[in-house]
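1. could you look at this predicted model? Sequence included:
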Amino acid sequence: MTSSAPRPTTNAHDQQQVARLQARLRTSTRRRLGRGNVPDAVTLAPGAHKYVLLQASSDDTGTQYFVTSRQNAAYHRNAAEPMIAQLEEAGFYDIEVTGGGRIRLNEEEQRISIFGFSYGFGPADHAISRRIVLEDPRYRHFDVQTSNDGY
């Protein structure tokens with residue numbers, strides 16, 4: 001018999017890992033050696049998934065926002081870590097996860113819903129996330145809605 005009770009959305013271990021990640025990002029030195037490929041500003045997995053809004057700087061692009069969701073991310077940290085690694089590899093510095101929530105991408109209906117919050121990183125500024133998503137040519141004509149409701 002399966003339970004319909006919701007799974008935990010965070011736990012003490014995840015909170016500890018988020019704090020450790022944030023501390024590492026705050027104290028990391030400026031790595032200007034990286035010259036890897038700059039990741040897309042928007043990386044969305046189809047369906048409804050946890051997402052994070054990141055801010056990072058580079059000598060080439062200045063300060064830039066990134067919106068990323070990840071299929072099967074148990075926690076928002078799991079959505080953030082792959083993008084952080086890509087940003088570091090590309091030479092970005094002052095990387096910060098500004099918050100998180102959920103994104104539902106329905107490509108067939110050309111609709112994106114941005115909502116909710118992250119227990120670990122706090123709520124993202126969904127208006128900024130919406131702007132970044134709409135600047136991406138792949139989603140320019142999508143109906144993008146935001147809400148602070150829901151988890």
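-> That came through, no problem.
2. tell me the buried residues in the helix or strand where residue 96 lies?
-> Assigned by DSSP states H and E, residue 96 falls within strand 93-106. In terms of neighbour count (16 or more other CB atoms under 10 Å), strand 93-106 has its buried residues at 93, 95, 96, 97, 98, 99, 100, 101, 102, 103, 104, 105. Quick note: C-beta positions are derived from backbone N, CA and C, even for glycine.
3. closest to residue 113 among those residues?
-> residue 104 (4.3 Å; CB to CB).
4. tell me, what residue is most central in the protein?
-> Nearest to the centroid of the C-alpha atoms of the chain, with distances taken as CA atoms, centre = their mean, sits residue 52, at 2.0 Å.
5. that residue and residue 81 touch, don't they?
-> No - contact criterion CB atoms under 8 Å: residue 52 and residue 81 do not qualify, at 9.5 Å.
6. buried residues, the longest helix along the chain. List them.
-> Longest among the helix segments of the chain by residue count, using DSSP state H, is helix 12-27. By 16+ other CB under 10 Å, the buried positions in helix 12-27 come out as 14, 17, 18, 21, 22, 25.
7. the closest residue to the third one other than its chain neighbours in helix, strand or coil?
-> It refers to residue 18. Closest residue to residue 18 apart from its sequence neighbours, by CB to CB, 6 or more residues apart in numbering: residue 120 at 3.7 Å. Here residue 120 is coil, with the state taken from DSSP: H, G, I helix; E, B strand; the rest coil.
8. confidence score at residue 120?
-> Residue 120 carries a pLDDT value of 92.
9. just give the number of residues close to it.
-> 24 (other CB atoms under 10 Å).
10. in contact with the closest residue to residue 100 other than its chain neighbours, which residues?
-> Leaving aside its sequence neighbours, residue 100 sits nearest to residue 118 (CB to CB, 6+ apart; 3.0 Å). By CB atoms under 8 Å, 6 or more residues apart in numbering, residue 118 lies in contact with 50, 52, 76, 99, 100, 101, 124.
11. so which elements touch the worst-scoring helix or strand of the chain on mean pLDDT?
-> For the chain, counting by mean pLDDT, DSSP states H and E, helix 12-27 ranks last in confidence among helices and strands (a mean of 76). When contacts are defined as 3 or more CB pairs under 8 Å, 6 or more residues apart in numbering; DSSP states H and E, helix 12-27 sits against helix 76-89, strand 93-106.
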